[in-house]
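**Q** Below are the sequence and a predicted model; questions follow.
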Amino acid sequence: MPYQAFIMLLAGVGIPLLAALNARLGANIGSPAAAAVVLFVVAFSAAVVVTLITGPSALRALSGQPWHLFTAGLFVAFYVLTITWIAPSFGVGNAVFFVLIGQLISAAAIDHFGLFGSQVTPVSATRVLGILVMAAGVAITQLAPRG
(Lines give C-alpha, C1' and ligand atoms only; values in the text may rest on other atoms or scores of the structure.)
Protein backbone atom coordinates (compact mmCIF):
# COMPACT_ATOMS: atom_id res chain seq x y z
CA MET A 1 0.00 0.00 0.00
CA PRO A 2 1.49 3.37 -0.92
CA TYR A 3 2.14 5.65 2.00
CA GLN A 4 -0.53 8.12 0.80
CA ALA A 5 -3.20 5.40 1.06
CA PHE A 6 -2.04 4.50 4.56
CA ILE A 7 -2.12 8.15 5.69
CA MET A 8 -5.64 8.56 4.30
CA LEU A 9 -6.68 5.33 5.98
CA LEU A 10 -5.53 6.84 9.27
CA ALA A 11 -7.44 10.04 8.46
CA GLY A 12 -10.53 7.92 7.87
CA VAL A 13 -10.04 6.21 11.21
CA GLY A 14 -9.89 9.64 12.79
CA ILE A 15 -13.27 10.85 11.50
CA PRO A 16 -15.44 8.60 13.72
CA LEU A 17 -13.03 9.18 16.61
CA LEU A 18 -13.39 12.93 16.15
CA ALA A 19 -17.17 12.54 16.02
CA ALA A 20 -17.38 10.39 19.15
CA LEU A 21 -14.91 12.41 21.20
CA ASN A 22 -16.31 15.81 20.31
CA ALA A 23 -19.91 14.64 20.67
CA ARG A 24 -19.09 13.38 24.18
CA LEU A 25 -17.33 16.65 25.05
CA GLY A 26 -20.35 18.61 23.80
CA ALA A 27 -22.72 16.45 25.84
CA ASN A 28 -20.52 16.68 28.93
CA ILE A 29 -20.30 20.47 28.85
CA GLY A 30 -23.84 20.99 27.53
CA SER A 31 -22.85 22.80 24.35
CA PRO A 32 -21.95 21.21 21.02
CA ALA A 33 -20.95 24.68 19.76
CA ALA A 34 -18.48 25.19 22.63
CA ALA A 35 -17.05 21.72 22.03
CA ALA A 36 -16.53 22.69 18.38
CA VAL A 37 -14.69 25.84 19.48
CA VAL A 38 -12.35 23.71 21.63
CA LEU A 39 -11.78 21.34 18.70
CA PHE A 40 -10.91 24.24 16.39
CA VAL A 41 -8.52 25.81 18.91
CA VAL A 42 -6.68 22.49 19.25
CA ALA A 43 -6.72 21.91 15.46
CA PHE A 44 -5.54 25.47 14.79
CA SER A 45 -2.70 25.09 17.26
CA ALA A 46 -1.61 21.82 15.65
CA ALA A 47 -1.78 23.37 12.17
CA VAL A 48 0.32 26.34 13.31
CA VAL A 49 3.00 24.02 14.69
CA VAL A 50 3.10 21.96 11.47
CA THR A 51 3.23 25.15 9.37
CA LEU A 52 6.11 26.53 11.42
CA ILE A 53 8.00 23.26 10.97
CA THR A 54 7.28 22.73 7.27
CA GLY A 55 7.49 26.23 5.83
CA PRO A 56 5.78 29.32 7.20
CA SER A 57 6.79 31.31 4.10
CA ALA A 58 3.83 29.78 2.25
CA LEU A 59 1.54 32.04 4.29
CA ARG A 60 2.78 35.01 2.26
CA ALA A 61 1.05 33.63 -0.83
CA LEU A 62 -2.40 33.67 0.79
CA SER A 63 -3.30 37.19 -0.31
CA GLY A 64 -3.17 36.22 -3.99
CA GLN A 65 -5.57 33.29 -3.73
CA PRO A 66 -9.17 33.29 -5.01
CA TRP A 67 -11.71 33.94 -2.26
CA HIS A 68 -13.64 30.71 -2.87
CA LEU A 69 -10.66 28.63 -1.76
CA PHE A 70 -11.12 30.00 1.75
CA THR A 71 -14.65 28.60 2.02
CA ALA A 72 -13.21 25.16 2.83
CA GLY A 73 -13.10 26.26 6.46
CA LEU A 74 -16.87 26.70 6.40
CA PHE A 75 -17.28 23.08 5.31
CA VAL A 76 -15.07 21.92 8.16
CA ALA A 77 -17.03 24.05 10.62
CA PHE A 78 -20.32 22.69 9.27
CA TYR A 79 -19.08 19.11 9.59
CA VAL A 80 -17.74 19.54 13.11
CA LEU A 81 -20.77 21.43 14.37
CA THR A 82 -23.26 19.00 12.86
CA ILE A 83 -21.45 15.80 13.87
CA THR A 84 -21.02 17.13 17.40
CA TRP A 85 -24.68 18.04 17.60
CA ILE A 86 -26.20 15.03 15.80
CA ALA A 87 -24.02 12.06 16.85
CA PRO A 88 -25.16 11.83 20.50
CA SER A 89 -28.81 11.36 19.53
CA PHE A 90 -28.42 9.72 16.10
CA GLY A 91 -25.36 7.57 16.83
CA VAL A 92 -21.80 7.99 15.59
CA GLY A 93 -22.18 5.09 13.16
CA ASN A 94 -25.36 6.48 11.63
CA ALA A 95 -23.93 9.99 11.39
CA VAL A 96 -20.70 8.81 9.78
CA PHE A 97 -22.68 6.53 7.44
CA PHE A 98 -24.43 9.54 5.91
CA VAL A 99 -21.19 11.53 5.88
CA LEU A 100 -19.55 8.70 3.91
CA ILE A 101 -22.40 8.55 1.40
CA GLY A 102 -22.11 12.31 0.94
CA GLN A 103 -18.35 12.00 0.50
CA LEU A 104 -18.73 9.32 -2.17
CA ILE A 105 -21.17 11.42 -4.18
CA SER A 106 -19.22 14.65 -3.78
CA ALA A 107 -15.85 13.05 -4.54
CA ALA A 108 -17.22 11.46 -7.72
CA ALA A 109 -18.58 14.83 -8.90
CA ILE A 110 -15.35 16.68 -8.09
CA ASP A 111 -13.27 14.07 -9.92
CA HIS A 112 -15.65 13.86 -12.87
CA PHE A 113 -15.48 17.59 -13.56
CA GLY A 114 -11.90 18.10 -12.34
CA LEU A 115 -13.09 20.77 -9.94
CA PHE A 116 -10.57 22.91 -8.07
CA GLY A 117 -7.68 21.47 -10.09
CA SER A 118 -8.31 17.85 -9.16
CA GLN A 119 -7.37 15.00 -11.45
CA VAL A 120 -10.18 14.26 -13.91
CA THR A 121 -11.66 10.80 -13.44
CA PRO A 122 -14.90 10.49 -15.40
CA VAL A 123 -17.92 8.89 -13.77
CA SER A 124 -18.40 5.67 -15.70
CA ALA A 125 -20.93 2.91 -15.20
CA THR A 126 -18.21 0.89 -13.48
CA ARG A 127 -17.42 3.75 -11.10
CA VAL A 128 -21.12 4.26 -10.31
CA LEU A 129 -21.42 0.54 -9.58
CA GLY A 130 -18.36 0.75 -7.32
CA ILE A 131 -19.85 3.69 -5.43
CA LEU A 132 -23.13 1.80 -5.03
CA VAL A 133 -21.28 -1.27 -3.75
CA MET A 134 -19.34 0.89 -1.29
CA ALA A 135 -22.57 2.57 -0.16
CA ALA A 136 -24.22 -0.83 0.22
CA GLY A 137 -21.27 -2.04 2.29
CA VAL A 138 -21.51 0.96 4.59
CA ALA A 139 -25.30 0.45 4.86
CA ILE A 140 -24.85 -3.24 5.71
CA THR A 141 -22.55 -2.31 8.59
CA GLN A 142 -25.30 -0.08 9.99
CA LEU A 143 -28.10 -2.62 9.47
CA ALA A 144 -26.22 -5.48 11.15
CA PRO A 145 -27.88 -6.68 14.36
CA ARG A 146 -26.64 -4.77 17.41
CA GLY A 147 -25.46 -6.47 20.51
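**A** In hand now; what should we look at? Residues are numbered from 1 along each chain as shown.

**Q** quick one, what contacts residue 32?
**A** 22-23, 26, 81, 84-85 (C-beta atoms under 8 Å, 6 or more residues apart in numbering). Glycine gets a C-beta too; all of them are placed from N, C-alpha and C.

**Q** So for the top helix by length along the chain, what gets flagged as buried?
**A** Counting residues, the longest helix found in the chain (DSSP state H) is helix 3-29. By 16 or more other C-beta atoms under 10 Å, the buried positions in helix 3-29 come out as 15-16, 18-23, 25-26.

**Q** between whatever helix or strand comes next after that helix and helix 3-29, how big is the angle?
**A** Downstream of helix 3-29, the first helix or strand assigned by DSSP states H and E is helix 32-54. Orientation note: helix 32-54 sits at an angle of 140 degrees relative to helix 3-29 (axes from the mean of the first three to the mean of the last three C-alpha atoms, to 10 degrees).

**Q** Could you give the average pLDDT over helix 32-54?
**A** Per-residue pLDDT over helix 32-54 has a mean of 96.

**Q** what's the answer for stretch 70-87, then?
**A** What stretch 70-87 shows for mean pLDDT is 93.

**Q** hang on, the earlier thing: can I get the buried residues of helix 3-29 in TSV with distance to residue 102?
**A** Below are these laid out as TSV (distance: C-beta to C-beta, whole Å):
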residue	distance to residue 102
15	12
16	15
18	16
19	14
20	19
21	21
22	18
23	18
25	24
26	21
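
**Q** Now flag whichever of those residues is closest to residue 56.
**A** Within the buried residues of helix 3-29, proximity to residue 56 (C-beta to C-beta) peaks at residue 18, which comes in at 25.9 Å.

**Q** phi, psi of residue 95?
**A** Main-chain dihedrals, residue 95, degrees, to the nearest 10: phi -60, psi -50.
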